[in-house]
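**Student:** Using only what follows, build the 3D model:
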Amino acid sequence: MYTVYVLYSQSYNKIYIGYTSNMNQRFKSHNELSNKGYTYRYRPWVIAITEQYQTKQEAMAREKRLKGGQGRAYIWSEIERLGLISA
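**Tutor:** Below is the predicted model:
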């Protein structure tokens with residue numbers, strides 16, 4: 001199984017879109033283990049959206065759609081609906 005995920009940084013109002021076969025390890029990597037890069041700069045992250053897929057190809061295709069304009073609009077509407085955006 002593969003997980004497509006969206007992380008949200010409430011402190012910086014940023015999102016990160018990715019996919020993985022090990023969500024727990026990947027989330028830990030974004031929030032604790034790495035010491036450089038995009039996700040390091042905007043910590044802490046919360047998991048906003050997850051979707052499960054059977055194959056890596058399906059997950060990669062969904063990640064690509066989410067990174068497009070309509071996908072990002074969907075993500076921001078979900079983040080708002082979930083009440084994650086701080087005023």
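
**Student:** I figured residue 84 hits residue 8, correct?
**Tutor:** Yes: Residue 84 lies in contact with residue 8 (Cβ atoms under 8 Å); the separation is 5.4 Å. Glycine gets a C-beta too; all of them are placed from N, C-alpha and C.

**Student:** between the two, what contacts are shared?
**Tutor:** 46, 48 (Cβ atoms under 8 Å, 6 or more residues apart in numbering).

**Student:** Neighbour count: those two, which is higher?
**Tutor:** The residue with more neighbours, out of residue 84 and residue 8, is residue 8; 23 against 14, by other Cβ atoms under 10 Å.

**Student:** Excluding sequence neighbours, find me the nearest residue to that one.
**Tutor:** residue 48 (4.1 Å; Cβ to Cβ, 6 or more residues apart in numbering).

**Student:** By average pLDDT, which secondary structure element in the protein comes out worst?
**Tutor:** When each helix and strand of the chain is scored by mean pLDDT, DSSP states H and E, helix 38-41 comes last, with a mean of 94.

**Student:** For it, buried residues please.
**Tutor:** residue 39 (16 or more other Cβ atoms under 10 Å).

**Student:** How about stretch 72-87?
**Tutor:** Buried, per 16+ other Cβ under 10 Å, within stretch 72-87: 75, 76, 79.
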